[in-house]
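> okay, here's the prediction I keep looking at, along with the sequence it came from:
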Amino acid sequence: MLPIPSYLEFPKMKKCCSFTFFLLVSPLCLFAQTGQDTTSYVHSVDITTGVIDTLATMPKHFEAPNWHPDNYLILNSLGSLYTLDLDSRETSHLNTGFATACNNDHGISPDGKWLAISHNDQNDPSPKSYKSIVYLLPIEGGTPRRVTTEVMSFWHGWSPDGKTLAYTGERNGNFDIYTIPVQGGKETRLTDTEGLDDGPDYSPDGRHIYINSYRTGQMQIWRIEADGSNPEQLTFDSYSNWFAHPSPDGKWIVYISYLEDQKEGHPFGKQVKLRLMDLNTGEIKDLTPEFFGGQGTINVPSWSPDSRKIAFVSYKLN
């Protein structure tokens, strides 16, 4: 058994006076989506002032907030989806029908009317042990409609016109980026490099898809054309950089950086921070101090509709 870690409160900083980070003192690698005794802190961070607000404290494991224009968040927890009303701070279960094994790859359509989910469907005939499939359902809940035919498929992006989904697919042992019409049909493979390509998210003009890729032997942020052409590396540091999400106004991307190299993994229970890139200048700055997070923190698009704030999750093991 691994030792129980102890925690220290992050020293209070002027720009994040309303937020408490918990630092992991002893190294520990854990996985998400379990019944372990976890406290989840749902936050927002203002990209201009740096002020971090704690929106909710959850006495179990919650992950991956999406920010709906009607001012609520959608998060997953242990296979189910929930809404968090940002005015009342009340949490409600979101009906996903038979899809009760949802992972943290879910997101809202550009018109706010539909929800894409990734559900581990054990009834699929594939011999693979994990069978994530992309489905669509109404934003208020309902019966999911299957979109992808192949497993494993993990949703990550929605084209601005609402017609195409981007996702990470494992085919023949390699993870690459794919797209498919929202009505289903034939998938299109956009990348074919060795090593993991993950986290595709469209730019608001639809021209680019932002991804993270291990093609250089270090997980970095890249950008490709919407048809998969002209790959361009955007980060070049020693961190493991994951899940780049462009702002609705197209001026920024936010992403999560693991402080230590995680190879092709993005585990829960690591020291991380959020970073912000100015897409006009390429300048990168830390958006948060270091905190205890990783898997589940910002896997999916979590910008506020006005491009001012990011929703994310930090954790404490009890």
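Right, received. Where do you want to start?
> every contact and neighbour count from this point should use C-alpha atoms.
Fine.
> just how off-centre is the strand ranked longest in the chain within its chain?
Counting by DSSP state E, the longest strand found in the chain is strand 268-278. Distance of strand 268-278 from the chain centroid (C-alpha atoms, centre = their mean, to the nearest Å) equals 12 Å.
> quick check: next helix or strand after it?
Sequence order places strand 284-286 as the next helix or strand after strand 268-278, per DSSP states H and E.
> name the helices or strands packed onto the longest strand of the chain?
strand 22-24, strand 252-258, strand 284-286, strand 291-294 (3 or more C-alpha pairs under 8 Å, 6 or more residues apart in numbering; DSSP states H and E).
> mean neighbour count, mean pLDDT and distance to Thr179 added to those strands, as TSV?
Listed next are these as TSV, based on neighbours: other C-alpha atoms under 10 Å; pLDDT from 0 to 100; distance: least, C-alpha to C-alpha, whole Å:
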stretch	mean neighbour count	mean pLDDT	distance to Thr179
strand 22-24	20	33	38
strand 252-258	24	98	21
strand 284-286	14	98	29
strand 291-294	24	98	26
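> any weak-confidence spans in the stretch 201-318 of the chain?
For the stretch 201-318 of the chain, no stretch has pLDDT under 70.
> ok, the stretch 1-150 of the chain next?
The stretch 1-150 of the chain contains residues with pLDDT under 70 at 1-36.
> in it, which spans are strands?
Here the stretch 1-150 of the chain has its strands, by DSSP state E, counting those that start in this stretch, at 7-9, 22-24, 38-46, 52-58, 63-68, 72-77, 80-85, 91-94, 107-108, 114-120, 132-138, 145-146.
> need those in CSV (columns: distance to Thr235).
Output for the strands of the stretch 1-150 of the chain, formatted as CSV (distance: least, C-alpha to C-alpha, whole Å):
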stretch, distance to Thr235
strand 7-9, 30
strand 22-24, 25
strand 38-46, 22
strand 52-58, 25
strand 63-68, 23
strand 72-77, 28
strand 80-85, 32
strand 91-94, 37
strand 107-108, 25
strand 114-120, 28
strand 132-138, 29
strand 145-146, 35
